[in-house]
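1. coordinates for the following, if possible.
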Amino acid sequence: MSQQSGNMNESKKDRIILNVGGKRFEPYQSTLRNQPDMPLAWITNNKEKLDYDPETGELFFDRHPMVFTQILNYFQTGKLHCPRGMCGPCFEDELTFWGIHEQQMESCCWSNYTNHREAQENLKALDFQPQYFKPECVEEARKEREVRSQREEPDNFWDTYKPIIWDLLEEPYSSTSAKIYGWISLIFVVISIITANLWTIPLFQEEKRGVKRPNLYLLVPEGICTVWFSCEFILRFAFCPHLKPFLTNVRNWIDLISIIPAYFIILNASSFVVDVLTIFRIFRIFRFLKLLYDLQIIGKTFKASSNLFLVLLFVLIVPVLVCSSVLFYTESNHGDSFSKPKYKNIPASLWWGIITITTVGYGDLSPTSIPGKIFGIFCALCGVLLVSMSASIAGSTFVLYYNLARAQMKIPRNRQKFNIDVESLPTIINLNNVPSQSSTPEDSGFERSSGSANSEDINMRKCSTFCKDDPHSDHGKENNNGIFTVVSASPDTHLYDEGYYDLAKKTILLERQTPL
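-> Numbers count the residues shown, from 1 in each chain. From the prediction side, this is the model:
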């Protein structure tokens, strides 16, 4: 009995109490020392640097308790697993904090752990952020504002209304008036396309000096549409935030090229080149993409799936080349006098290979010899299998990208980042002189930043919620400008969970929670 009680006392002494996110764990210190290079193996010798409560004998860590269960299991068994349903970035952050490399992950959980990376790459490919709001353009605009502020130049009429007019012209969902303008512009696009199709009918044509041109019934609406598109293009060029993205946008060049031939037609200077350039007005129909989000998603999905479509194209091209070559030699040696002239070379046989492998079966070419027919049956069956598998893969991938795109399109409407001058904020902001209690995974993974906060420090844990200064609303109430929230700041690094604080410029980069 005495020996058993002695063993129990030794085991109790070897235990250590860890409070992780409010959940108690009592592992053996010897278990934690199974991985001597990990920060958890050092905690017994660094209690004074940690959040240690001598009354309860607990070491407190404000971390995810569910993840720590898997961390502790790694020290017990030497195998690291990622729980199902756990967000990949969350688990990755916890591994970084506890000093465990992700390559220790077991192969059975690796795909589940890395799924978030593939999703993030897909979201990057499905980028719905306008080119004018890219980081480089935003940075350029910020520098321009700094130069104006240093010169103490107040915003003039142009600087005030330029972004408003640009949103009206380019962002149909920025306001009700912008949406109305977008649909009116789309009506002109439809009228322009209809007139371009009608003037190919002899009934709507008239000939002057040997040149065919639309009659007066089509020339009037065409002239009105041309004036509308010309004014629209000039306004967009004048009010664009940045000239370089505007000039590199393909849609703007299509608009310009489609406007020019209309003036030649009105001036009775039609030619073959003008007729060719007139085709570009058909591409104006893509303006539907700006007004219908689902069409934008489809376009972005095709762009993001370009690599997959190239692979599927290669899978179809290879059997087409093989089947066309084999059929050429089969028919040239065994075919009758009727089929031999049709299969005079391999490029001529490609037409048969394409319509057979793609299961179109046009019927203008068909083998006549018995070996050619047998091989044709084999090619048709292979085509059915290839097309069905390709369609299934493309369909599932398209649905995946479509769902990701719909999710991403909702994100910018709820959260937007921008800079705010600290001195211009309302007095309701609470700047607390409270020491920071944030923990960082630096060095051992558990050392806390110490020191007292000064007048420019913002409390990390107590959220300071405030409203943007609005002369028409009271402070502290949610208004149309949105609610601003400051959370998780560190006086050492000036890094925020929701933004950054620059002491020199007294500027906070915040995230705005936009009211829906």
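2. what pLDDT, on average, does the strand or helix carrying W110 get?
-> Assessed by DSSP states H and E, W110 sits inside helix 107-125. Mean per-residue pLDDT for helix 107-125: 75.
3. got the buried residues for stretch 216-230?
-> L218, L219, P221, E222, C225, T226, W228, F229, S230 (16 or more other CB atoms under 10 Å). C-beta here means a position set from N, CA and C on the backbone, and glycine is covered the same way.
4. what do you get for stretch 74-86?
-> Y74, F75, L80, H81, C82, M86.
5. before we move on, the earlier item: tabulate the buried residues of stretch 216-230 (CSV), appending distance to S258 and pLDDT.
-> Shown next, in CSV, are those (distance: CB to CB, whole Å; pLDDT from 0 to 100):
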residue, distance to S258, pLDDT
L218, 16, 81
L219, 17, 82
P221, 15, 86
E222, 12, 83
C225, 10, 88
T226, 10, 87
W228, 12, 90
F229, 8, 89
S230, 11, 90
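6. format the residues you listed as TSV; extra columns: secondary structure.
-> As requested, the buried residues of stretch 216-230 are exported to TSV (DSSP: H, G, I helix; E, B strand; the rest coil):
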residue	secondary structure
L218	helix
L219	helix
P221	helix
E222	helix
C225	helix
T226	helix
W228	helix
F229	helix
S230	helix
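7. between these, which is nearest P54?
-> For the buried residues of stretch 216-230, the closest approach to P54 (CB to CB) belongs to F229, at 78.0 Å.
8. what's near enough to touch the closest one?
-> Applying CB atoms under 8 Å, 6 or more residues apart in numbering to F229 gives the contacts F188, S192, D255, S258, I259, A262.
9. the longest helix anywhere in the chain - contacts with which helices or strands?
-> Counting residues, the longest helix found in the chain (DSSP state H) is helix 370-414. The contact analysis (3 or more CB pairs under 8 Å, 6 or more residues apart in numbering; DSSP states H and E) places helix 370-414 against helix 107-125, helix 293-304, helix 306-334, helix 346-357.
10. now do that helix and helix 293-304, the angle between them.
-> Orientation note: helix 370-414 sits at an angle of 120 degrees relative to helix 293-304 (axes from the mean of the first three to the mean of the last three CA atoms, to 10 degrees).
11. what mean pLDDT does helix 370-414 have?
-> On average, the pLDDT along helix 370-414 is 78.
12. how about stretch 260-268?
-> Mean predicted confidence for stretch 260-268 is 75.
13. point out where the chain drops to low pLDDT.
-> 1-13, 44-49, 119-120, 122-157, 208-212, 268-272, 293, 335-341, 405, 408-516 (pLDDT under 70).
14. give me the neighbour count for the residue nearest to F61 when sequence neighbours are not counted.
-> Of all residues not flanking F61 in the chain, V20 sits nearest, at 4.9 Å (CB to CB, 6 or more residues apart in numbering). Number of residues near V20 (other CB atoms under 10 Å) recorded here: 22.
15. going forward, count from 659.
-> New numbering, starting at 659: the last item is V678.
16. and V678, backbone torsions?
-> Backbone torsions for V678, taken as degrees, to the nearest 10, come to phi -110, psi 110.
17. OK, contacts around it?
-> Contacts of V678 by CB under 8 Å, 6+ apart are F719, R721, H722, P723, F726.
18. which one (most neighbours) among those?
-> Of all those, F719 has the most neighbours under the rule other CB under 10 Å, reaching 22 neighbours.
19. that one touches K681, doesn't it?
-> No: using CB atoms under 8 Å, F719 is not in contact with K681, being 10.3 Å away.
20. can you list residues touching both of the two?
-> Common neighbours of F719 and K681, counting by CB under 8 Å, 6+ apart, are F726.
21. report the buried members of the contacts of F887.
-> Looks like those have F846, S850, D913, S916, I917, A920 buried, using 16+ other CB under 10 Å.
22. can you give me the strands in this structure?
-> Using DSSP state E, the strands of the chain run over residues 675-678, 681-683, 710-711, 716-719, 863-866, 869-872, 1073-1079, 1122-1125, 1141-1144, 1158-1160, 1165-1171.
23. picking up where we left off before, CSV for the buried residues of stretch 732-744, including distance to D1022?
-> Output for the buried residues of stretch 732-744, formatted as CSV (distance: CB to CB, whole Å):
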residue, distance to D1022
Y732, 67
F733, 72
L738, 62
H739, 61
C740, 57
M744, 59
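24. which of these fall in helices?
-> Y732, F733.
25. which one of the buried residues of stretch 732-744 sits closest to L1062?
-> Distances from L1062 to the buried residues of stretch 732-744, taken as CB to CB, are shortest for M744 (19.6 Å).
26. what's the closest one in contact with, if anything?
-> Contacts of M744 by CB under 8 Å, 6+ apart are M724, V725.
27. the same query, at a cut-off of 7 Å, please.
-> The neighbourhood of M744, defined by CB atoms under 7 Å, 6 or more residues apart in numbering, consists of V725.
28. check the one 4 residues further on too.
-> Remark: with contacts taken as CB under 7 Å, 6+ apart, C748 is in contact with H722.
29. if I look at it, how far off is R909?
-> 40 Å (CB to CB, to the nearest Å).
30. got it, and P741?
-> Distance, P741 to R909, using CB to CB: 47 Å.
31. excluding chain neighbours, what is closest to F726?
-> V678 (4.4 Å).
32. ok, what's across the strand from the one you found?
-> Beta-bridge partners recorded for V678 (DSSP bridges): K681, F719.
33. and stretch 986-993, C-alpha only, in PDB?
-> The C-alpha coordinates for stretch 986-993 follow below in PDB (Å, rounded to 0.1, in the frame of the first residue of the first chain):
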ATOM      1  CA  PHE A 986      -6.500   7.800 -93.300                       C
ATOM      2  CA  TYR A 987      -4.300   4.800 -93.800                       C
ATOM      3  CA  THR A 988      -7.200   2.400 -93.400                       C
ATOM      4  CA  GLU A 989      -9.300   4.000 -96.100                       C
ATOM      5  CA  SER A 990      -6.400   4.700 -98.400                       C
ATOM      6  CA  ASN A 991      -5.500   1.000 -98.500                       C
ATOM      7  CA  HIS A 992      -8.900  -0.700 -98.200                       C
ATOM      8  CA  GLY A 993     -11.500   2.000 -99.200                       C
END
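34. list the buried residues in that stretch.
-> Neighbour-count burial for stretch 986-993 [16+ other CB under 10 Å]: F986, T988, E989, S990, G993.
35. again, but for stretch 1015-1026
-> Applying 16+ other CB under 10 Å to stretch 1015-1026 flags I1015, L1023, P1025, T1026 as buried.
36. chain neighbours aside, what residue packs nearest to the first one?
-> Setting aside the residues directly before and after it, I1015 is nearest to G1041 in space (CB to CB, 6+ apart), at 4.0 Å.
37. pretty sure that neighbour sits against T1017.
-> Yes: in this structure G1041 lies within contact range of T1017 using CB atoms under 7 Å: 5.0 Å.
38. separation between Y839 and L690?
-> Applying CB to CB, the value for Y839 to L690 is 65 Å.
39. more neighbours: which of the two?
-> Per other CB under 10 Å, whichever of Y839 and L690 has more neighbours is L690, with 21 against 15.
40. how near is that one to Q762?
-> 16 Å.
41. cool, and I892?
-> In terms of CB to CB, I892 sits 62 Å off from Q762.
42. of these two, who's got more company?
-> Q762 (13 against 10).
43. my read is that that one contacts H739, right?
-> No: using CB under 7 Å, Q762 is not in contact with H739; the gap is 10.2 Å.
44. now, which of the contacts of V678 lie within helices?
-> Those of these lying in helices (DSSP H): P723, F726.
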